[in-house]
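*Asks:* Model the following, please.
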Amino acid sequence: MLLSEVLENEDLRLNAEALETIADNYPILLSLQRLDCEVEIQNRKNYSHFGTEQERAEMIKELEKKKRESRARF
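*Replies:* Numbering: from 1, shown residues only. This is a model prediction of the structure:
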């Protein structure tokens, strides 16, 4: 499809603009996801009401993995 056709079609133009916005903000979204993981990890380490020590350790391990994966995507 030609760019001129995309620009003439309102729906296609809006979709293209939305994709461009997502692409522009993707690094920011990944950074926020990593920050969220870091905050959650600290919460799990500091507060005992998140379950047993073993459960907290498993949750922290999962969050660390998620953080590494989001860093790898960036």
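*Asks:* Lowest-scoring secondary structure element of this structure by mean pLDDT?
*Replies:* In the chain, the helix or strand scored least confidently by mean pLDDT, DSSP states H and E is helix 3-8, which has a mean of 71.
*Asks:* so after it, what's the next helix or strand?
*Replies:* For helix 3-8, the following helix or strand on the C-terminal side (DSSP states H and E) is helix 10-46.
*Asks:* buried stuff in that following helix?
*Replies:* Q33, R34, C37, E40, I41, R44 (16 or more other Cβ atoms under 10 Å). All C-beta spots, glycine's among them, are computed from the backbone N, C-alpha and C.
*Asks:* ok, now stretch 58-74?
*Replies:* M59, I60, L63, K66, K67, S70.
*Asks:* Pull it out as CSV, backbone CA atoms only.
*Replies:* What follows is stretch 58-74, C-alpha atoms only, in CSV (Å, rounded to 0.1, in the frame of the first residue of the first chain):
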residue,chain,number,x,y,z
GLU,A,58,10.2,-17.2,45.1
MET,A,59,8.3,-14.1,44.3
ILE,A,60,11.5,-12.0,44.3
LYS,A,61,13.2,-14.5,42.1
GLU,A,62,10.3,-14.3,39.6
LEU,A,63,10.4,-10.5,39.7
GLU,A,64,14.1,-10.4,39.1
LYS,A,65,13.6,-12.7,36.1
LYS,A,66,10.9,-10.3,34.8
LYS,A,67,13.2,-7.4,35.3
ARG,A,68,16.1,-9.1,33.4
GLU,A,69,13.7,-10.0,30.5
SER,A,70,12.5,-6.4,30.2
ARG,A,71,16.1,-5.2,30.2
ALA,A,72,16.9,-7.7,27.5
ARG,A,73,14.1,-6.4,25.3
PHE,A,74,15.4,-2.9,25.5
